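Visitor: Everything below, folded, please.
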Amino acid sequence: MLGSQAKDYDTLYRQFRWAIPARYNIGVDVCDRWASREPERLAILHVRGDGRSESISFGRLRETSNRLANVLRAQGVKRGDRVAIFMPQAPEVAAAHIAIYKLGAVALPIAILFGPDALQYRLQNSGARALLTNAQGLAKFEDIRGGTPDVACVISVDDKFSDLLAGASPDFAAVDTAPDDPAMMIYTSGTTGQPKGALHAHRVLLGHLPGAELPHYPFPTEGDRYWTPADWAWAGGLLDVLLPSLHHGVPVVARRFDKFDPEEAFALMTKVGVRNAFIPPTALRMMRAVPSPRGRYDFKLRTMASGGESLGIEALEWGREAFGLTINEFYGQTECNLVLGSCAQLGLLRPGAIGKPVPGHEVAVIGRDGEILKAGDIGQIAVKRPDPVMFLEYWGRAEATREKFIGDWMVTGDQGVMDDDGYISFVGRDDDVISSAGFRIGPGEIEDCLLQHPAVALAAAVGKPDKVRGEIVKAFIVLKAGHAPSDALAGEIQSFVKTRLSAHEYPREVAFIEQMPMTTTGKIIRRVLRERA
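Guide: As a prediction, this is how the structure comes out:
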């Protein structure tokens with residue numbers, strides 16, 4: 001924990017020390033610890049689609065997870081087995097995670113938006129033994145059941161689930177686990193190549209705590225209530241919000257969105273008194289279309305964080321106007337999350353930069369041979385091991401695991417640059433950096449500029465092969481309602497960027513598209529756009 005006494009970042013970073021116990025289990029930590037002390041304490045506020053809400057206490061969460069752990073054990077699930085969770089945000093997801101951790105098994109969260117092929121790949125690749133899902137997920141599973149022979153147990157929370165739990169004991173003694181024992185496996189988003197299963201240990205939650213607390217510092221504060229539209233199957237929803245909040249006894253709001261609705265997001269935050277929010281950049285861009293939110297909604301936000309891709313200066317300025325607060329940015333990836341961050345409360349903020357290393361983590365910009373680069377030089381953002389938030393391995397991919405490291409540096413595959421004051425800025429993925437006429441151009445700055453144009457809703461910049469320049473910048477743009485594609489508009493947008501950035505950075509080609517290709521976590525899949533280019 002970061003505590004709440006420090007007044008500046010440097011003191012916080014200098015004084016921080018890890019305290020990893022010899023024995024540790026995530027399920028016991030985020031549930032049983034609170035249930036023993038305050039069984040009636042609110043853990044999850046479940047807001048249903050019809051507007052009704054249900055309060056789930058820590059005592060109820062413990063009983064549900066204990067019964068489910070007993071059901072899974074009776075079905076043959078044992079220590080080390082992978083158990084897939086294929087459901088949207090709901091209390092059953094939290095109970096499933098807790099039950100799996102108590103069993104000493106490995107939780108395998110899978111986003112409910114995935115289709116049968118993506119589901120089959122993850123179940124096959126992981127060798128999952130059991131699947132917990134709902135009616136929607138079960139229908140997808142039925143299409144590929146014959147191709148997943150390892151899945152011996154399938155439980156639907158929509159089909160006699162309460163009867164199943166009622167027949168199991170409410171008591172369960174959690175398996176004694178060490179911090180380095182496997183606890184969960186989260187698949188990478190697969191923006192390049194097939195997704196890889198990043199296996200994490202129980203210590204991963206403890207490793208996340210400083211990064212989860214920093215954007216909301218001091219966290220927790222009396223009255224905090226956390227919500228994110230991010231799927232709890234994604235590291236951003238699970239490890240940035242759900243589990244850290246339960247660890248601190250902070251209530252989490254669960255609300256399923258089949259499709260993100262920006263108006264409903266504002267209404268939800270107002271209705272249930274959300275105090276803390278994690279909203280990915282793509283969702284924030286959609287929320288920008290809502291006119292005058294501060295005049296229409298009486299929300300009580302204390303803090304807001306964003307991460308997953310570069311936020312951009314324009315979004316930061318809009319956030320101050322729309323929410324009356326500074327959106328703090330953080331950075332990480334599935335393999336090693338929440339290692340860079342910002343916090344306006346501590347004076348840790350530089351527009352255009354992600355921030356500085358989160359206390360407890362050593363992060364640098366390195367060259368090809370692992371040398372730390374000087375300020376101003378572009379290189380790979382890297383994290384030094386050992387680090388409790390770092391993954392154990394890629395499942396079944398020993399060579400890929402080795403390739404993830406240069407010496408003791410875990411390379412992220414993201415290009416970045418550090419300034420003289422230690423702030424790190426994101427330039428782009430290794431494959432995203434555009435080399436044009438001798439210049440190395442990151443797409444983030446171009447996209448941020450494009451989004452400032454009044455006609456642009458979403459934008460992505462990629463490199464297109466060019467005989468003279470090597471590559472040129474090509475922009476793919478989704479227009480706002482009320483604007484139609486035209487050569488004149490394309491030229492206007494090109495001039496808009498050229499006059500605000502530079503002649504070598506403006507998009508020499510502009511393509512208008514109806515839908516931006518994105519991963520389930522809201523990241524733009526530039527590989528698809530490069531292929532189109």
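Visitor: Every contact and neighbour count from this point should use C-alpha atoms.
Guide: Noted.
Visitor: Where do the helices of the stretch 151-300 of the chain begin and end?
Guide: Secondary structure of the stretch 151-300 of the chain by DSSP state H, counting those that start in this stretch: the helices cover 161-166, 203-213, 235-237, 243-248, 262-272, 281-287, 293-296.
Visitor: The helix or strand just after the last one pairs with which strands?
Guide: Read it as helix 293-296. Counting by DSSP states H and E, the next helix or strand C-terminal to helix 293-296 is strand 303-306. Here strand 303-306 is paired, per DSSP bridges, with strand 276-278 (parallel), strand 327-333 (parallel).
Visitor: I'd like the next helix or strand past strand 303-306.
Guide: Next in line after strand 303-306, if elements are assigned by DSSP H and E, sits helix 313-323.
Visitor: circling back to that earlier point, in a markdown table, list the strands paired with strand 303-306 along with distance to R33, mean neighbour count and mean pLDDT.
Guide: Converted to a markdown table, the strands paired with strand 303-306 look like this (distance: least, Cα to Cα, whole Å; neighbours: other Cα atoms under 10 Å; pLDDT from 0 to 100):
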| stretch | distance to R33 | mean neighbour count | mean pLDDT |
| --- | --- | --- | --- |
| strand 276-278 | 23 | 25 | 98 |
| strand 327-333 | 28 | 25 | 95 |
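Visitor: among those, which is nearest M518?
Guide: Closest approach to M518 among the strands paired with strand 303-306 (Cα to Cα): strand 327-333, 16.3 Å.
Visitor: what's the average pLDDT for the helix or strand following the closest one?
Guide: Next along the chain after strand 327-333, taking DSSP H and E as the criterion, comes strand 336-341. Averaging pLDDT along strand 336-341 gives 97.
Visitor: and W395, how many residues sit next to it?
Guide: Using other Cα atoms under 10 Å, W395 is surrounded by 17 other residues.
Visitor: Please read the previous query as pertaining to D487.
Guide: 10.
Visitor: ok, back up a step: of all the helices of the stretch 151-300 of the chain, which one is nearest L72?
Guide: The closest of the helices of the stretch 151-300 of the chain to L72 is helix 161-166. By Cα to Cα, the value is 10.4 Å.
Visitor: buried sites along the closest one?
Guide: L165 (16 or more other Cα atoms under 10 Å).
Visitor: before we move on, the earlier item: Serialize the strands paired with strand 303-306 to TSV and add fields for distance to L12.
Guide: As requested, these are exported to TSV (distance: least, Cα to Cα, whole Å):
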stretch	distance to L12
strand 276-278	21
strand 327-333	17
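Visitor: wait, K384 sits on F405?
Guide: No - using Cα atoms under 8 Å, K384 is not in contact with F405; the gap is 9.3 Å.
Visitor: thinking again about what came up before, CSV please, covering the helices of the stretch 151-300 of the chain and showing distance to D150 and mean pLDDT.
Guide: Shown next, in CSV, are the helices of the stretch 151-300 of the chain (distance: least, Cα to Cα, whole Å; pLDDT from 0 to 100):
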stretch, distance to D150, mean pLDDT
helix 161-166, 22, 96
helix 203-213, 27, 98
helix 235-237, 25, 93
helix 243-248, 28, 98
helix 262-272, 39, 95
helix 281-287, 36, 85
helix 293-296, 49, 90
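Visitor: okay, these in a markdown table with distance to S486 next?
Guide: Listed next are these as a markdown table, based on distance: least, Cα to Cα, whole Å:
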| stretch | distance to S486 |
| --- | --- |
| helix 161-166 | 54 |
| helix 203-213 | 44 |
| helix 235-237 | 38 |
| helix 243-248 | 47 |
| helix 262-272 | 28 |
| helix 281-287 | 23 |
| helix 293-296 | 31 |
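Visitor: do you know which of these lies nearest E447?
Guide: helix 281-287 (12.0 Å).
Visitor: Please name whichever of the strands paired with strand 303-306 is nearest to G76.
Guide: strand 327-333 (33.0 Å).
Visitor: Please export the C-alpha coordinates of the closest one as CSV.
Guide: The C-alpha coordinates for strand 327-333 follow below in CSV (Å, rounded to 0.1, in the frame of the first residue of the first chain):
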residue,chain,number,x,y,z
ILE,A,327,-7.9,12.2,-15.6
ASN,A,328,-4.8,10.4,-14.3
GLU,A,329,-3.2,8.1,-16.8
PHE,A,330,-1.5,4.7,-16.2
TYR,A,331,0.4,2.2,-18.3
GLY,A,332,1.2,-1.5,-18.3
GLN,A,333,0.4,-4.6,-20.3
